[in-house]
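> using only what follows, build the 3D model:
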Amino acid sequence: MDILSKVLDATNTGIVITDNLLPDNPIIYCNPAFEDISGYTREEIIGHNCRFLQGKDRGQEARAAIANAIAKGENCNVEIRNYTKEGKLFWNELYISPVKDNNGDVTNFIGIQNDVSSRKKSQLELEMSQADMEKKVEDRTRMLKESQEYLKSIVETIRESLLVMDKDYKILSANNHFLSTFKVSINETKGKILYDLGNGQWNIPELKVMMEEILPTNNPVLDYEVEHDFPHIGKKLMLLNAHRIELEGQYKDWILLAIEDITDRRAIQQRKDDFLSIASHELKTPLTTIVGYMQMMERLMPENASDKFKNIVDKTGKYVHRLNQLLAELLDVSRIQTGNIELHREPFDFDKMLAETIEGIKAATPKRTIELIGKTGISYNGDESHLVQVVSNLLSNALK
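This is a model prediction of the structure:
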């Protein structure tokens, strides 16, 4: 079926299909997302066994698990180290599912692949090696050609809640991930109107607004964020994506709705942002005290103080000033991430700002040469303090 090929080509999840009846189980199909993930072109991929992605890194336990599953014709779920065409390492979450013919023989394998490198990094940074940071499949499932068995295998392998509805929002199908996530049965779901599910649990105003934008246009709705408190499973933060299903260039009155539960991911991000904000403010108080003592020390320094003592005080003042700048930058990062940063716009002499900033950098790096050439001659309306930070960071990085 042409729609199945279009479904697979449209998904942002890497998908490959291999031919188990040919020697070495070669790849016979890959979608554009798989090309993007791996960096290889379709021509470089087709005809090869998937092991080429591991390069020389072949001592992984995951490879043995994959080989065992293929030999037995079983499902398999592993995380494996892969390498792009440029040799860049990325962690791949791989789901493998066999496709059998009417005789029960395995004719093909379907592999669904997600780049989970970011998740691996987050787990390390937050010391949450035991947390279930499973990366949800970010795309809507599209089916393979001609076979309903292909369609079923792909839908059930994708780790994301999926609903297919008609023009009246009556549910035609729901995958197991939806049923298990929202704790409903297929009998309670199939044939029901979306808004009537779970005694009206899905009668969400934001969801209605989103759905009403789909059918009148040919444009999909992407990454629509909805928060809702479900009676039986609690508050969920969901990322919704909806597409009209296209067949031979004509839009049918069917809708594919993908629901990604991002509750845990957002909570982890919020904890990181809260830590950054708290840490920044906790550092600000003692640093302000140190700055005050340094200013007092400079005022009370005797005129006959030794050059060595003056030099120490001067350097200490510069380091404290630099530390204060770094803390201000950290606070700005915190405010940006939490959406609380305030800009104070007013006209200022742009050339004067540049000259004074450069002079400050010169004083801190007397052995380096910085030359300002030309003038803008403008009065700029903006936040001067933040622009000073930007220029200082650029110059400091250039001098490293």
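> low-confidence ranges, the stretch 251-400 of the chain, go.
Applying pLDDT under 70 to the stretch 251-400 of the chain picks out residues 251-252, 269, 273, 275-277, 279-285, 287, 322, 325-343, 363-364, 400.
> ranges for the helices of the stretch 1-150 of the chain?
2-10, 32-38, 42-45, 61-72, 117-125, 148-157 (DSSP state H, counting those that start in this stretch).
> how about these in CSV, adding distance to residue 274, mean pLDDT and mean neighbour count?
C-beta here means a position set from N, CA and C on the backbone, and glycine is covered the same way. Converted to CSV, the helices of the stretch 1-150 of the chain look like this (distance: least, CB to CB, whole Å; pLDDT from 0 to 100; neighbours: other CB atoms under 10 Å):
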stretch, distance to residue 274, mean pLDDT, mean neighbour count
helix 2-10, 37, 75, 19
helix 32-38, 33, 89, 19
helix 42-45, 43, 90, 14
helix 61-72, 35, 89, 14
helix 117-125, 15, 75, 14
helix 148-157, 36, 55, 19
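> so for residue 243, which of the ones you listed sits nearest?
helix 2-10 (7.7 Å; CB to CB).
> show me what the closest one packs onto, helices and strands only.
helix 148-157, strand 234-247 (3 or more CB pairs under 8 Å, 6 or more residues apart in numbering; DSSP states H and E).
> residues in contact with residue 349?
When contacts are counted by CB atoms under 8 Å, 6 or more residues apart in numbering, residue 349 touches residue 379.
> roughly how far apart are it and residue 391?
From residue 349 across to residue 391, the span is 14 Å (CB to CB, to the nearest Å).
> common neighbours of the two, please.
Contacts common to residue 349 and residue 391, judged by CB under 8 Å, 6+ apart, are absent.
> mind telling me what element the residue of the chain positioned farthest from its centre is part of?
Distance from the C-alpha centroid of the chain peaks at residue 304, with 60.3 Å (CA atoms, centre = their mean). Following DSSP states H and E, there is no helix or strand that holds residue 304.
> what about it, distance to residue 310?
Where residue 310 is concerned, residue 304 sits at a distance of 10 Å (CB to CB).
> one more: residue 378?
Separation of residue 378 from residue 310 (CB to CB): 40 Å.
> related to what we said a few turns ago, nearest to residue 271, out of the helices of the stretch 1-150 of the chain?
helix 117-125 (11.1 Å).
> what helices or strands is that closest one leaning on?
Helix 117-125 packs on strand 89-100, going by 3+ CB pairs under 8 Å, 6+ apart.
> give me the buried stretch members for the strand it packs on, please.
Buried residues in strand 89-100, counted by 16 or more other CB atoms under 10 Å: 90-99.
> ditto for stretch 390-400
391-392, 395.
> as PDB, could you dump the C-alpha coordinates of it?
Output of stretch 390-400 as PDB, limited to C-alpha atoms (Å, rounded to 0.1, in the frame of the first residue of the first chain):
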ATOM      1  CA  VAL A 390      28.100  39.400  25.500                       C
ATOM      2  CA  VAL A 391      31.100  41.500  24.300                       C
ATOM      3  CA  SER A 392      33.100  40.400  27.400                       C
ATOM      4  CA  ASN A 393      32.400  36.800  26.800                       C
ATOM      5  CA  LEU A 394      33.300  37.000  23.100                       C
ATOM      6  CA  LEU A 395      36.600  38.800  23.900                       C
ATOM      7  CA  SER A 396      37.400  36.500  26.800                       C
ATOM      8  CA  ASN A 397      36.800  33.400  24.600                       C
ATOM      9  CA  ALA A 398      38.900  34.800  21.800                       C
ATOM     10  CA  LEU A 399      41.800  35.400  24.200                       C
ATOM     11  CA  LYS A 400      41.800  31.900  25.600                       C
END
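> other residues contacting it?
Taking CB under 8 Å, 6+ apart as the rule, stretch 390-400 contacts 325, 329, 353-354, 357-358, 360-361, 365, 368, 370.
> so how far is residue 33 from the residue positioned nearest the centre of the chain?
The residue lying closest to the centre of the chain (CA atoms, centre = their mean) is residue 118, at 7.0 Å. Counting by CB to CB, the gap from residue 118 to residue 33 is 16 Å.
> now residue 97, which residues is it bridged with?
Legend: beta-bridge partners of residue 97 under DSSP bridges are residue 110.
> that one contacts residue 106, doesn't it?
No - applying CB atoms under 8 Å, one finds residue 97 not in contact with residue 106, separated by 10.2 Å.
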